[in-house]
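**Student:** coordinates for the following, if possible.
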Amino acid sequence: MSAAEAAHRPAKSGRAVALWLAFLLIIAAGIGLAWIGAGSLRPEVTASGLQIRTIKSGKGDPITPPDAALLDYILTADDGTVIDSSESHGGAQPFAMDQVFPGFAEAMKRMQEGGEYRFSMPQRLAFGESPPPPGFPKDSALNFEVRVRKVVRGGAAMMQQMQRQQQQQQQQQQQQAPQQQQAPQQ
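**Tutor:** This is a model prediction of the structure:
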């Protein structure tokens, strides 16, 4: 090997190292930009284990415990099986925080009128330590897609009053049914 060849060798390996470093730097920058760009796709995870992601921001103040909200929703299991939906009940349904799973109420506190949300909760945020009711896969999270059609400020009290009236009507009908059966027939 000549002296000229030996003198050029370190320069070649130095260029190779610089090229590899530049290549790695470009890859790291790409990963960093992808991570930042995917921020809106990552759910926020709360201390309770609720994972919520805003698909479309709504307007106005978030839903509060005294409020009621008219929601379109789809509830699915981890495998995508639809367990329940507002459509199966005739369309958007009214909800108040004191009438839903604790995890669902926690998610409602982050929702605004006109917004669209996806959230997932472990079954303990819905059923506590009790086993899930029939129709719920035993080990699946509860995955919701929700659109908030309308928020009625102070509407929870109205919903409670309506429910009390419905219960009273049902009780009256149940009391009247035995009386009608016992009435003498002519």
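**Student:** so, low pLDDT: which residues of the protein?
**Tutor:** Filtered on pLDDT under 70, the chain yields the residue ranges 1-13, 33-41, 179-186.
**Student:** if we go to 80?
**Tutor:** For the chain, residues meeting the criterion pLDDT under 80 lie at 1-14, 16, 22-24, 28-42, 135, 162-163, 177-186.
**Student:** for it, what spans make up the helices?
**Tutor:** Residue ranges of the helices in the chain, as given by DSSP state H, are 3-37, 102-108, 124-127, 155-182.
**Student:** count the neighbours of residue 18 for me.
**Tutor:** If you count neighbours by other Cβ atoms under 10 Å, residue 18 ends up with 10. (C-beta placed from N, C-alpha, C; glycine too.)
**Student:** just want the most central residue of this structure.
**Tutor:** The residue lying closest to the centre of the chain (Cα atoms, centre = their mean) is residue 119, at 1.5 Å.
**Student:** got the contact list for that residue?
**Tutor:** By Cβ atoms under 8 Å, 6 or more residues apart in numbering, residue 119 lies in contact with 43, 50, 51, 52, 53, 103, 107, 143, 144, 146.
**Student:** let's have the helices of the chain in JSON lines, adding distance to residue 87.
**Tutor:** What follows is these, written out as JSON lines (distance: least, Cβ to Cβ, whole Å):
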{"stretch": "helix 3-37", "distance to residue 87": "33"}
{"stretch": "helix 102-108", "distance to residue 87": "18"}
{"stretch": "helix 124-127", "distance to residue 87": "20"}
{"stretch": "helix 155-182", "distance to residue 87": "21"}
